[in-house]
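Asker: sequence first, then the predicted structure, then my questions.
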Amino acid sequence: MQKGYEFKEHTADVEFVAKGPSIEAAFANAILAMLDTVADTAAIKKSKSKKSRIVIRDSANNIEDLLWIVLQDVLSATDSRNVFGYGVEKLNIQNKKSTYGIYAVISAKQQKPKYSYIYVKGVSRFGMEVKESPKAWLVKAVLDV
């Protein structure tokens with residue numbers, strides 16, 4: 001299975017472009033790119049640790065702000081619960097009266113050092129993009145490491 005994102009060269013941080021046939025798929029792939037930056041999601045998924053779920057509900061006035069908020073929220077929620085996220089079970093985005101809302105469920109398991117890659121401090125607003133192309137939605141983000 002081909003990943004819905006790719007990492008780009010960056011001088012100091014981690015940059016990725018995620019894509020999907022829908023805005024929801026592109027956001028889910030952006031979350032997965034961030035989770036894959038933090039830890040070995042494939043190994044975590046296969047581990048026998050107890051599974052937990054993190055529910056994310058956020059809203060913003062524009063789609064780029066929504067992306068920034070949801071990535072920050074997933075990062076904070078996994079860190080505060082001492083878990084590594086490894087998957088996106090559900091993700092819905094709605095646009096009502098110029099307010100975007102998101103509901104997402106993230107799969108996670110207890111943090112174990114052997115799965116850790118790099119500590120992500122936050123998500124940069126610089127260079128963040130969300131756009132629709134003729135064939136897919138594209139999301140670009142930079143993670144502060």
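Answerer: The structure has been received and is ready for your questions.

Asker: what helix or strand is the closest residue to V83 other than its chain neighbours on?
Answerer: If the residues on either side of it in the chain are set aside, V83 comes closest to A108, at 3.9 Å by Cβ to Cβ, 6 or more residues apart in numbering. (C-beta placed from N, C-alpha, C; glycine too.) For A108, the enclosing helix or strand under DSSP states H and E is strand 99-110.

Asker: tell me the strands beside that strand, with direction?
Answerer: strand 51-60 (antiparallel), strand 83-96 (antiparallel) (DSSP bridges).

Asker: re the thing from before, what sits opposite the residue nearest to V83 in the beta ladder?
Answerer: S52, G85.

Asker: list the contacts of it.
Answerer: 51-54, 78, 81, 83-86 (Cβ atoms under 8 Å, 6 or more residues apart in numbering).

Asker: what number of residues lie near A12?
Answerer: By the criterion of other Cβ atoms under 10 Å, A12 has 7 neighbours.

Asker: need the pLDDT of it.
Answerer: A12 is assigned a pLDDT of 75 by the prediction.

Asker: give me the three-state assignment for it.
Answerer: What DSSP: H, G, I helix; E, B strand; the rest coil gives for A12 is coil.

Asker: and E6, helix, strand or coil?
Answerer: Here E6 takes the strand state, with states given by three-state DSSP.

Asker: quick check: N62 touching R125?
Answerer: No - here N62 does not reach R125: they are 11.8 Å apart, not a contact under Cβ atoms under 8 Å.

Asker: what residues are up against the residue nearest to the spatial centre of the chain?
Answerer: Nearest to the geometric centre of the chain sits I31, at 1.3 Å (Cα atoms, centre = their mean). Residues in contact with I31, defined by Cβ under 8 Å, 6+ apart, are 70-71, 74, 85, 88, 91, 104, 106.
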